[in-house]
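Student: Sequence first, predicted model second:
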Amino acid sequence: MILDSGRWFWLVVSGIVVSLLYLLAPILTPFLTAAFLAYLGDPLVDRLETWRLSRTLSVTTVFLVIFLFILLFFLFLLPVLETQVKLFIGKVPAYIDWVVNVLGPYLHEHFQVDTSVLEVDKIKSVITLHWQETGGFIRNAIQTISKSGFVVLGWVANLALIPIITFYLLRDWDRMVAYIDDLLPRSIEPLVAKLATESDEVLGAFLRGQLLVMLALAVIYSLGLSLVGLEFALLIGLIAGLVSFVPYLGLIVGVSIAGIAILFQTQDVFDLFWILAVFGVAQVIEGTVLTPLLVGERIGLHPVTVIFSVLAGGQLFGFFGILLALPVAAVLAVIMRHIHDTYKRSHIYTIDGLEGEELTNYPEANDNVLKGQE
């Protein structure tokens, strides 16, 4: 009987899916991580198949490339970043002293600002003690995991499951999509297929396009700042690149941090020119090469939507919610766009089939509206 009522059927299905996601959230993290990696890698697999490689060989190639990059990150990049963070935190007290000694007299003379109220010594001691207590990223992770044998087993199991699940999802991705499409009721299949295609374009524009732009900018910033001679080039370049999904935020953050760092390091104001040159060249490369090539004219997720989705997902479901946030946001964005278009074509928005722009050409329609209101 429930199958005869479409609304009740989909209501029950939606309720079951949401309940299962909520209850199984603690164990779904490796599956969502693997699905994320498989989603990123599937276009590459399809591209290799067009070169007359078998599906299995294409999947194996992409699979090895993905996990090679992940392995290189954890073996080489993460320790270097941790070292730079330690050096940067160690020099923060000196940075604070430099700012107070250089800007303090100027602020006091022109704006009557008393820098003593900032209690600089307490700020420096808090930063130093906090870093000494927390230690590095890797050591903290090892200490946290080693507190419980079950936690160790859970982490090991998740790390072992991710590559296995990723491989099988990559191999059967197209088959699963076709299977889901075949299960859809024929009456709604065209609409669902259209929404799914648009959702894939929106999500792909951000994940496959914008993420590549962010990583490319991080590399360009890091190399450019290294050539300038900045001590924390890798750390600052990575931060500026990762926040560049918000337009101009990466530029502002990168120039601000790098500018302060180079002034403290060399005490030469003219070195700011080289910092501006690095970020200026990077912006030109992004606008003329990276964005047109990697993102194109596709419309991805709005930066504010990305920020809100990630924060909301983390608040509701933890790390599992962070992984699920962007796909859900992409689907909701497409659905809201479809609802908006449907509303603009509905009789609620139009008058006798005439849209708002056409009413100016038909004064009698406005007269009818006024008569109806009377």
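Tutor: Sure, I can see it. Numbers count the residues shown, from 1 in each chain.

Student: any idea where the helices of the stretch 151-300 of the chain begin and end?
Tutor: With DSSP state H, counting those that start in this stretch, the ranges of helices along the stretch 151-300 of the chain come out as 189-204, 211-228, 233-242, 249-266, 271-285.

Student: same deal with the stretch 1-150 of the chain?
Tutor: 6-23, 25-49, 55-72, 78-111, 120-134, 137-146, 149-183.

Student: Just name the most buried of the ones you listed.
Tutor: helix 25-49 (a mean of 18; mean count of other Cβ atoms under 10 Å). Just so you know, the C-beta spots here come from the backbone N, C-alpha and C atoms, and that holds for glycine as well.

Student: Show residues contacting it.
Tutor: 21, 55, 57-59, 61-63, 65-66, 157-159, 161-166, 169-170, 173-174, 203-204, 207-208, 317-321, 323-324 (Cβ atoms under 8 Å, 6 or more residues apart in numbering).

Student: That helix to helix 149-183, inter-axis angle?
Tutor: 50 degrees (axes from the mean of the first three to the mean of the last three Cα atoms, to 10 degrees).

Student: Quick check: residue 169 vs residue 303, distance?
Tutor: Distance of residue 169 to residue 303, given as Cβ to Cβ, to the nearest Å: 29 Å.

Student: what's the answer for residue 207, then?
Tutor: Relative to residue 303, and taking Cβ to Cβ, residue 207 is found at 14 Å.

Student: Which residue ranges make up each domain of this structure?
Tutor: Under the assignment automatic domain parsing, the domains of the chain span 20-183, 202-299, 301-374.

Student: so which of those gets nearest residue 9?
Tutor: domain 20-183 (12.8 Å; Cβ to Cβ).

Student: from the chain's centre, how far out does the closest one sit?
Tutor: The chain centroid and the centroid of domain 20-183 are separated by 12 Å under Cα atoms, centre = their mean, to the nearest Å.

Student: pLDDT averaged over that domain, what's the number?
Tutor: For domain 20-183, mean pLDDT is 77.

Student: From one end of that domain to the other, what's the distance?
Tutor: 20 Å (Cα to Cα, to the nearest Å).

Student: Could you do stretch 41-59 as well?
Tutor: Using Cα to Cα, first and last residues of stretch 41-59 are 8 Å apart.

Student: which ones are touching residue 321?
Tutor: 25, 312, 313, 314, 315.

Student: Any of these buried? List them.
Tutor: 25, 313 (16 or more other Cβ atoms under 10 Å).

Student: So which of the contacts of residue 321 are in helices?
Tutor: 25, 312, 313, 314, 315 (DSSP state H).

Student: For those, which two are the farthest from each other?
Tutor: The widest separation within these (Cβ to Cβ) is 14.5 Å, between 25 and 312.

Student: quick one: residue 343 from residue 337, how far?
Tutor: Distance from residue 343 to residue 337, by Cβ to Cβ: 11 Å.

Student: Please, which helix or strand holds residue 323?
Tutor: Following DSSP states H and E, one finds residue 323 within helix 319-345.

Student: That helix versus helix 6-23: what angle between them?
Tutor: Using the same axes, to 10 degrees, helix 319-345 lies at 160 degrees relative to helix 6-23.

Student: Go through helix 319-345 and flag the buried ones.
Tutor: Of the residues in helix 319-345, those buried (16+ other Cβ under 10 Å) are 320-327, 329-331, 333-334.

Student: try stretch 199-208
Tutor: 199, 200, 202, 203, 204, 205, 206, 207, 208.

Student: so which of the residues you listed comes closest to residue 252?
Tutor: Closest approach between those and residue 252, by Cβ to Cβ: residue 206, at 20.8 Å.

Student: ok, and the closest non-adjacent residue to the most centrally placed residue in the chain?
Tutor: Centroid-nearest residue in the chain: residue 306, 6.5 Å away (criterion: Cα atoms, centre = their mean). Once flanking residues are discounted, residue 306 sits nearest to residue 245: 6.3 Å by Cβ to Cβ, 6 or more residues apart in numbering.

Student: Looks like that neighbour contacts residue 303 (just checking).
Tutor: Yes - at 5.8 Å, residue 245 counts as touching residue 303 under the criterion of Cβ atoms under 8 Å.

Student: what about the two, which has more around it?
Tutor: Set residue 245 next to residue 303 and count neighbours by other Cβ atoms under 10 Å: residue 245 wins out with 19 against 16.
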